[in-house]
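1. whatever this is, show me its structure:
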Amino acid sequence: MKNLSVKNVVAIGIGAAIFVILDRFASIPTGFPNTNLATTYAFLALFALIYGPLVGFSVGFIGHALNDFTMYGTPWWSWILCSALFGLVIGFAGKYFKIKNGDFGVKKIITFNVLQVIANYVIWAAIAPTLDILIYSEPANKVYFQGLLSATLDWISVAILGTILIKAYAATRVKNNSLRKE
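-> Residues are numbered from 1 along each chain as shown. Next comes the predicted model:
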């Protein structure tokens, strides 16, 4: 894995730790079991766009697994995998958005949010509940409702907080061709 530089390993470690902290202390319960308004996916989207799909996948997987182990004592593998998939999908999109170049204007914001809404619904409303049924024999009506609720809450979190974080990060970067020789 040539993309696994020291910088990426450090990003995975820091990202996973922040994922756990955000999931533990910055999530708002919905009243439906194990379903929260999470800030973790806004942060995961930022990290995945900055560092790419491998880091996005790893932060989602390790962060969610560590949170499940420390919070519940048992990992919920279907949802851990889906957190990793979200990081992977957004990480692959990073090549298009190029936020490291300081460009995250209106067109890219809209495109990013269309992508993340689709990713959230495919991952959380379809893949996660299906895996819950296949792996854990969970009741379909419960997990599909839970998945739909999670997808909706996560896209809202990413649309608001994620867009703000990504825009703020891009604003700290020097735009390509912004300097000229005098």
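2. surely Phe86 meets Ala42?
-> No - the pair Phe86 / Ala42 is not scored as a contact, 11.0 Å apart, by CB atoms under 8 Å. Any C-beta I mention is one placed from the backbone N, CA and C, and that applies to glycine too.
3. can you give me the pLDDT of Val158?
-> If you check Val158, the pLDDT there is 98.
4. which residues are in contact with it?
-> By CB atoms under 8 Å, 6 or more residues apart in numbering, the contact set of Val158 is 41-42, 45, 113, 116, 120.
5. show me which pair in these is furthest apart.
-> Pairwise distances across those (CB to CB) peak at 12.8 Å, for the pair Tyr41 and Asn113.
6. ok, the two, which is more surrounded?
-> Tyr41 (30 against 16; other CB atoms under 10 Å).
7. low-confidence ranges, the chain, go.
-> 1-3, 176-182 (pLDDT under 70).
8. in it, what residue spans correspond to helices?
-> Using DSSP state H, the helices of the chain run over 6-25, 40-51, 53-72, 77-97, 106-120, 128-136, 140-157, 163-171.
9. so which of the ones you listed is the most packed in?
-> Among these, helix 40-51 has the highest mean neighbour count (mean count of other CB atoms under 10 Å), at a mean of 26.
10. phi, psi for Trp76 please.
-> phi -110, psi 90 (degrees, to the nearest 10).
11. ok, now which ones touch it?
-> With CB under 8 Å, 6+ apart, Trp76 has these contacts: 34, 68, 136.
12. and the second one, what does it touch?
-> What that stands for is Asp68. 74-76, 79-80.
13. Val106: which of those is nearest?
-> Closest approach to Val106 among the contacts of Asp68 (CB to CB): Trp79, at 32.9 Å.
14. which residues touch the spatially closest residue to Gly52 that is not a sequence neighbour?
-> Closest residue in space to Gly52, ignoring its immediate chain neighbours: Gly91 at 4.8 Å, by CB to CB, 6 or more residues apart in numbering. Applying CB under 8 Å, 6+ apart, we find Gly91 in contact with 48-49, 51-57.
15. how does it look with 7 Å?
-> By CB atoms under 7 Å, 6 or more residues apart in numbering, Gly91 lies in contact with 48, 52-53, 55-57.
16. still on that earlier bit, so which of the contacts of Trp76 is the closest to Arg173?
-> Nearest member of the contacts of Trp76 to Arg173, counting by CB to CB, is Asp68, at 34.1 Å.
17. quick one: the closest one from Thr163, how far?
-> Separation of Asp68 from Thr163 (CB to CB, to the nearest Å) stands at 27 Å.
18. for Gly31, same thing?
-> 26 Å.
19. then Ala42?
-> For Ala42, the distance to Thr163 - CB to CB - is 8 Å.
20. OK, contacts around Lys100?
-> Applying CB under 7 Å, 6+ apart, the residues contacting Lys100 are 50, 173.
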